[in-house]
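S.K.: Next come a sequence and a model predicted from it.
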Protein chains: 2
Amino acid sequence: MKKSKDGKPTINDVARLSGVSKKTVSRVINRSPLLNDATREKVEAVIAELGYVPNPQARALALRRNFLIGLIHDNPNAQMVLGVQEGILSAIRDTEFALVVRPVNRRSPDMLDDVRAFLEQQRLFGVMLLPPISENDALAELCEDLGVTYVRMGSVQLDEDEHMVASNDREAVSQAVDYLIGRGHRRIGFVAGPEGFRSAAERSLGYRDALEKAGIPLDEAIMAEGNYTFETGIAAGKKLLAATPRPSAIFASNDEMAAGVLHAARTLGLSVPEDLSIVGFDDTAIAAHIWPPLTTVRWPIQAMARAAAIKLIDPAEARRQPSHFLSDLIERASVATC
Amino acid sequence: MKKSKDGKPTINDVARLSGVSKKTVSRVINRSPLLNDATREKVEAVIAELGYVPNPQARALALRRNFLIGLIHDNPNAQMVLGVQEGILSAIRDTEFALVVRPVNRRSPDMLDDVRAFLEQQRLFGVMLLPPISENDALAELCEDLGVTYVRMGSVQLDEDEHMVASNDREAVSQAVDYLIGRGHRRIGFVAGPEGFRSAAERSLGYRDALEKAGIPLDEAIMAEGNYTFETGIAAGKKLLAATPRPSAIFASNDEMAAGVLHAARTLGLSVPEDLSIVGFDDTAIAAHIWPPLTTVRWPIQAMARAAAIKLIDPAEARRQPSHFLSDLIERASVATC
DNA sequence: CACTGCCTTGACACCGGTGTAAGTCACCGT
DNA sequence: ACGGTGACTTACACCGGTGTCAAGGCAGTG
């Protein structure tokens, strides 16, 4: 009698039982203002009694938009991805939105086709792009073409404000290197991230900025490149620590490589921070758990992701929030005064 | 002419342009066998020309089921969660399914209501439950009641086969402790996980099994409990290393706590593995990146998640696949012969 | 040549919501 | 008494697919 057979109650059930039209029920659900209070209460009572919840698929069909936001990423750093997921979730909690995740393979030649198929098939409300693929302009264009609103997260402003939430890696690195200089270091090595990553380029610029400001010349002998992994950090550390004179401090463009440098130093019998100071970037779990705990730059992933999600689902509110985020230096125990 | 105004082409556009009914187009999309080849080709040509992709919301509405599978978790370990996401994705790649994630807060008193609201609102096809909340039977019942198919991942068989993918933590730990015993250790400390976690209980049982088999009596002085965090690992390490005689090896129920034990040992001036051997569990990134690299137990997260996803979307295929997974001991450098 | 049955296709209702335009009713001014 | 007004409410088409069932074409059969 209350509902058809096994299914959940529908708007029709509610309408029938409360003796109004389905459109009126629809108005109650959507909190339409032009609605008599008595009617509203009557309908709400029936809704509560039945435990009615609107069918999101039907809504999506009628509205010609759904309430799914996508997260597209090819990020190797689990902590970062999860931080982003949590940031997004904090923004969509208590809304009807849900989060769909889609890891992709950056190296795959048909990554773009893959994403296109995903977007065409799912017809998401909007998507968020995480670095490093957020740096891919073709991807942003694809979203534009497909009429999917998007927001990119990145280490530098890459797109118009409405499509971008950025940290400022260049400035953050510059400050971190300043900090080393302030502690008396003059010979500061640098481990760059992989070419092609915008974040890597920005971090290199920050390093150069700081040295230039302090009047310290660049020295290629104490600069190396890694690909953000522990292993390449070891290799870079070995190279830098073989230079003469040996650097008294090394800045690595992410924590994994910093851990690699630490490993290399240890292998050479150097103690950290007495013989070598190390600073990393990202403040991932590893930074706090290695010995000595790593001084590193933390950028506010969750807050950025939250801001990005708000841009997607509520552009008006988003204009009242920052689009640019500053990173902090987290002082632990891997830096000593020189 | 080809499509109405700005929207994507619909089944009606395809039907009109190819001069057949929409039902026929529907048959083409769904690869219905009772269909003339000529017709099929004609329609397929139009589909290709228009770039038509069926609207998933309309499909979901008509079929009364959608193609979203949910991942509900409250897991603090980013690596694990991401591994699971990737496992699921490998199973649903090239299907029309998509993955919706939903972190929840285990400690929140209305966690169940939260999940209920999520399931009622989104009407997912099915959900996967990750430990530790996968150990919550009330949650499984909730899914059952709501008619949402579910699969639980866990460290031990907790449910009927069709709802469960399990590793065997008890046996894995037992083997790891056997390994220490085989290396000559007789005084082996144990850091348990938090009470209330099934995985913690299983791992404790494994420890007891191994000692019992070797005829080594339990000694509470070299057993401690932590809550799977680095900090509690330090505390546990301090306690165990203060015991006399001092243990020559410690098994910690996860890698973070193992890292904490390592930290504690270092603080006391002990070197690892010379003075103390340490074995962890999970093989998270931290295990490979600390010094010395940690010998640990790896359980096949991705494969398990993949199997779980297949259980959800293709039960027939799932019966051809394993539901139980074995863990391996990964030998690194934190264990020495005693 | 009418009858039967198979193969293929189409008409139409339906899934559960929303938009639009039209309807009802009490109240108002003239 | 009558048209006008504003506040609510309803009927009905529509979103874009799928299920049901009937119909058309055609070969095989008696």
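M.R.: Looks like it came in fine. Numbering: from 1, shown residues only, chains lettered A, B, ... in the order given.
S.K.: From here on, just use CA atoms for contacts and neighbour counts.
M.R.: Fine.
S.K.: what residues does chain A put near chain B?
M.R.: A:53-58, A:60-61, A:78-79, A:81-82, A:86, A:89, A:96, A:98-103, A:120-123, A:230, A:256, A:259-260, A:263, A:285-286, A:289-291 (CA under 8 Å from any CA of the partner chain).
S.K.: where along the stretch 151-300 of chain A do the helices fall?
M.R.: A:169-182, A:198-214, A:230-241, A:255-267, A:285-289 (DSSP state H, counting those that start in this stretch).
S.K.: do you know which of these lies nearest DNA strand D?
M.R.: DNA strand D lies closest, by CA to the nearest atom of the strand, to one member of the helices of the stretch 151-300 of chain A: helix A:198-214, at 38.5 Å.
S.K.: need the contact list for the nearest residue to A:F197 once chain neighbours are set aside.
M.R.: Leaving aside its sequence neighbours, A:F197 sits nearest to A:P132 (CA to CA, 6 or more residues apart in numbering or on different chains; 6.4 Å). Shown in contact with A:P132 (CA atoms under 8 Å, 6 or more residues apart in numbering or on different chains): A:73-75, A:154, A:197-198.
S.K.: mind listing which of the residues of chain A next to chain B are in strands?
M.R.: A:98-103 (DSSP state E).
S.K.: Help me confirm that A:L139 comes into contact with A:L112.
M.R.: Yes - between A:L139 and A:L112 a contact is recorded at 6.8 Å, counting by CA atoms under 8 Å.
S.K.: Common neighbours of these two, please.
M.R.: In contact with both A:L139 and A:L112: no residue, using CA under 8 Å, 6+ apart.
S.K.: least confident pick among the contacts of A:P132?
M.R.: Lowest pLDDT among those: A:N75, with 87.
S.K.: Enumerate every residue touching it.
M.R.: Neighbouring residues of A:N75 by CA under 8 Å, 6+ apart: A:81, A:103, A:130-132.
S.K.: mind checking how far the most centrally placed residue in chain A is from DNA strand C?
M.R.: With distances taken as CA atoms, centre = their mean, A:V84 lies nearest the centre of chain A, 4.4 Å away. Separation of A:V84 from DNA strand C (CA to the nearest atom of the strand, to the nearest Å) stands at 30 Å.
S.K.: Remind me which helix or strand that residue belongs to.
M.R.: Element membership of A:V84 [criterion: DSSP states H and E] is helix A:78-92.
S.K.: Surely A:E202 touches A:D169?
M.R.: Yes - counting by CA under 8 Å, A:E202 touches A:D169, with 5.9 Å between them.
S.K.: Have a look at these two and say which one is more surrounded.
M.R.: A:D169 (28 against 23; other CA atoms under 10 Å in any protein chain shown).
S.K.: Next one, pLDDT for the more buried one please.
M.R.: 97.
S.K.: Could you do A:R107 as well?
M.R.: 87.
S.K.: Report the secondary structure state of it.
M.R.: Look at A:R107: counting by DSSP: H, G, I helix; E, B strand; the rest coil, its state is coil.
S.K.: From DNA strand D, how far out is it?
M.R.: With CA to the nearest atom of the strand as the criterion, A:R107 and DNA strand D are 32 Å apart.
S.K.: Any figure for the gap between A:R123 and DNA strand C?
M.R.: 16 Å.
S.K.: and if you look at A:E86?
M.R.: With CA to the nearest atom of the strand as the criterion, A:E86 and DNA strand C are 28 Å apart.
S.K.: Is it correct that that residue is in contact with A:I301?
M.R.: No - the criterion here is CA under 8 Å, and A:E86 misses it with A:I301 at 9.3 Å.
S.K.: In the stretch 1-150 of chain A, what residue lies closest to chain B?
M.R.: A:V100 (4.3 Å; CA to the nearest CA).
S.K.: OK, contacts around that residue?
M.R.: A:V100 makes contact with A:68-71, B:98-101 under the criterion CA under 8 Å, 6+ apart.
S.K.: please redo it, this time with the cut-off set to 6 Å
M.R.: A:69-70, B:99-100 (CA atoms under 6 Å, 6 or more residues apart in numbering or on different chains).
S.K.: now, among those, which is nearest to B:K239?
M.R.: Nearest to B:K239 out of the contacts of A:V100 is B:V100 (CA to CA; 42.6 Å).
S.K.: Go ahead and measure how far the strand or helix carrying A:E317 is from the middle of the chain.
M.R.: Take DSSP H and E as the rule and A:E317 turns out to sit in helix A:315-318. Computed by CA atoms, centre = their mean, to the nearest Å, the chain-centroid distance of helix A:315-318 equals 19 Å.
S.K.: And for that helix, what's in contact with it?
M.R.: Against helix A:315-318 from outside (CA under 6 Å, 6+ apart): A:310-311.
S.K.: Pull it out as PDB, backbone CA atoms only.
M.R.: Taking Å, rounded to 0.1, in the frame of the first residue of the first chain, the C-alpha atoms of helix A:315-318 are listed here in PDB:
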ATOM      1  CA  PRO A 315      31.700  29.900  -7.600                       C
ATOM      2  CA  ALA A 316      30.000  32.700  -5.700                       C
ATOM      3  CA  GLU A 317      31.300  31.500  -2.400                       C
ATOM      4  CA  ALA A 318      34.600  30.800  -4.000                       C
END
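S.K.: Neighbouring strands - and their directions - for the following helix or strand past that helix?
M.R.: The element immediately downstream of helix A:315-318 (helix or strand, assigned by DSSP H and E) is strand A:324-325. Sheet pairing here is set by DSSP bridges, and for strand A:324-325 it gives strand A:164-167 (parallel).
S.K.: Now the partner strand: buried residues?
M.R.: Within strand A:164-167, the residues that qualify as buried are A:164-167, counting by 16 or more other CA atoms under 10 Å in any protein chain shown.
S.K.: so which two of those residues are the farthest from each other?
M.R.: Going by CA to CA, the pair spanning the buried residues of strand A:164-167 furthest: A:M164 and A:S167, at 10.0 Å.
S.K.: related to what we said a few turns ago, tell me which of the contacts of A:N75 is nearest to DNA strand D?
M.R.: Using CA to the nearest atom of the strand, the contacts of A:N75 come closest to DNA strand D at A:P103, 25.6 Å.
S.K.: Quick check: bridge partners of that closest one?
M.R.: In this structure, A:P103 bridges to A:H73 when assessed by DSSP bridges.
S.K.: can you count the residues close to it?
M.R.: There are 18 residues near A:P103, going by other CA under 10 Å.
S.K.: Show the model's pLDDT score for it.
M.R.: The model reports A:P103 with a pLDDT of 95.
S.K.: just A:W291 next, same as before
M.R.: In this model, A:W291 is scored at 89, pLDDT.
S.K.: For DNA strand C, what's its nearest residue on chain A.
M.R.: A:I11 (3.1 Å).
S.K.: Test for you: state the pLDDT assigned to the closest residue to that residue other than its chain neighbours.
M.R.: In this structure, A:I11 finds its nearest non-sequential neighbour in A:K22, 6.1 Å apart by CA to CA, 6+ apart. A:K22 is assigned a predicted lDDT (pLDDT) of 95.
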